[in-house]
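Participant: from the sequence below, what's the structure:
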Amino acid sequence: MGPSTLSLSPTVKSAAVTTTAVLVTGLLLHQRNAISTCYHRHRGLEGFLRLLWIGDFLPPNIRASMDQLDEVEERMSKSGDQLDHIEILVQRARLESVDGSTSPSCDMSRDEVRDKLFHQYPQLRTKIGVFSNKLDTLAASIDSIQSHSDEEVKRRKKQLSNTIVEFMSELDRTIASLNLEVR
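Facilitator: Numbering: from 1, shown residues only. Down below sits the predicted model:
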């Protein structure tokens, strides 16, 4: 029987291997940015292998921290709506004071004006107090989350903390617009 048609000469084999190597190298060079992004997004080879094996590229302790940050972020999204509601109540109170119902007379002190305003709008004091307490609770929740020296967790904690500071500043400006102190 003659030589097998399936056996290739060494020259054909080396040409096939060389062609395959060139094609794979070209493909890898062409996709290097996508590969690099994937590698860094999944935290290196260890994270990529963890993604393939377990289905999550984060270690369990960091995943727990990220999940806690997700919960805080969800609670914070509701805080923006609450702040908007408080601002509407304050604007309504300010408009009422322009109309004369809470405008101070010559013999009324600042405390009397504030008491009259909060007597007319009892929900305003309650909402401001509850919202301020909620922001403090959210800030404490963020502080209690362990970062485990992970840069992404640290970045998210800082971002959420800055958002809380913005909410607190906006609440302070809203209260200051009343030109009154809240006890």
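Participant: what's the longest helix in this structure?
Facilitator: Looking across the chain with DSSP state H, the single longest helix is helix 60-99.
Participant: show me what that one is packed against.
Facilitator: Applying 3 or more C-beta pairs under 8 Å, 6 or more residues apart in numbering; DSSP states H and E, we find helix 60-99 packed against helix 110-120, helix 122-144, helix 151-177. Bear in mind the C-beta positions are built from the backbone N, C-alpha and C, glycine included.
Participant: buried stuff in the second one?
Facilitator: When burial is assessed from 16 or more other C-beta atoms under 10 Å, helix 122-144 yields the following buried residues: 124-125, 127-128, 131-132, 134-135, 138-139, 141-142.
Participant: ok, residue 60 to residue 140 distance?
Facilitator: 24 Å (C-beta to C-beta, to the nearest Å).
Participant: again, but for residue 72
Facilitator: Where residue 140 is concerned, residue 72 sits at a distance of 10 Å (C-beta to C-beta).
Participant: cool, residue 14 as well?
Facilitator: 67 Å.
Participant: next: residue 66.
Facilitator: On the measure of C-beta to C-beta, residue 66 and residue 140 end up 19 Å apart.
Participant: swap in residue 126?
Facilitator: On the measure of C-beta to C-beta, residue 126 and residue 140 end up 21 Å apart.
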